[in-house]
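Enquirer: Below are the sequence and a predicted model; questions follow.
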Amino acid sequence: MTTAPSVHLFPISHAALASLSAFTVASPSAIPSSSVSLAQTIGTIVDTLAGVDDALQLYNRAVENWRDQLGHLIKLEEDIAAILRDREILSFLTLSVSALC
């Protein structure tokens, strides 16, 4: 079974999260017209994106595991097909030999 090349987005996403975190630190801590600062808002976004990134990595591992299991299942199906084919051949040969006797 051939596997598709995996996409390596995780280093990029970590770099993006690091950049957003740095931007959060550099942002003003309070906006006079709002009770929530820009830094707090961006920090919340960074935390949410980090959670999404973790979930995506978990999902990616689950899909890879599922693909491995499917590959194993295909191998088992091929083995069973060969056994059934051999059984059919043996049955035919047994009937042919018994018909000759």
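Expert: Okay, I see it. Everything numeric here is computed off the predicted structure, so don't read it as measured data.
Enquirer: What helix or strand is Val36 located in?
Expert: In this structure, Val36 sits in neither a helix nor a strand according to DSSP states H and E.
Enquirer: And for it, the neighbour number?
Expert: A total of 10 residues lie near Val36 under the criterion other Cβ atoms under 10 Å. Every residue, glycine included, has its C-beta placed from N, CA and C.
Enquirer: Tell me where the protein is predicted with low confidence.
Expert: Regions of the chain meeting the criterion pLDDT under 70 cover residues 1-12, 28-34.
Enquirer: what's the helix or strand for the residue nearest the centre of the chain?
Expert: When the chain is reduced to its mean C-alpha position, the nearest residue by Cα atoms, centre = their mean turns out to be Asn60, at 2.3 Å. Counting by DSSP H and E, the element that carries Asn60 is helix 38-100.
Enquirer: what's that helix packed up against?
Expert: Packing contacts for helix 38-100, counted by 3 or more Cβ pairs under 8 Å, 6 or more residues apart in numbering; DSSP states H and E, involve helix 10-26.
Enquirer: ok, Ala39 to Thr24 distance?
Expert: The gap separating Ala39 from Thr24 is 5 Å, by Cβ to Cβ, to the nearest Å.
Enquirer: tell me the angle of the helix holding Asn60 relative to helix 10-26?
Expert: Inter-element angle recorded for helix 38-100 and helix 10-26: 170 degrees (by axes from the mean of the first three to the mean of the last three Cα atoms, to 10 degrees).
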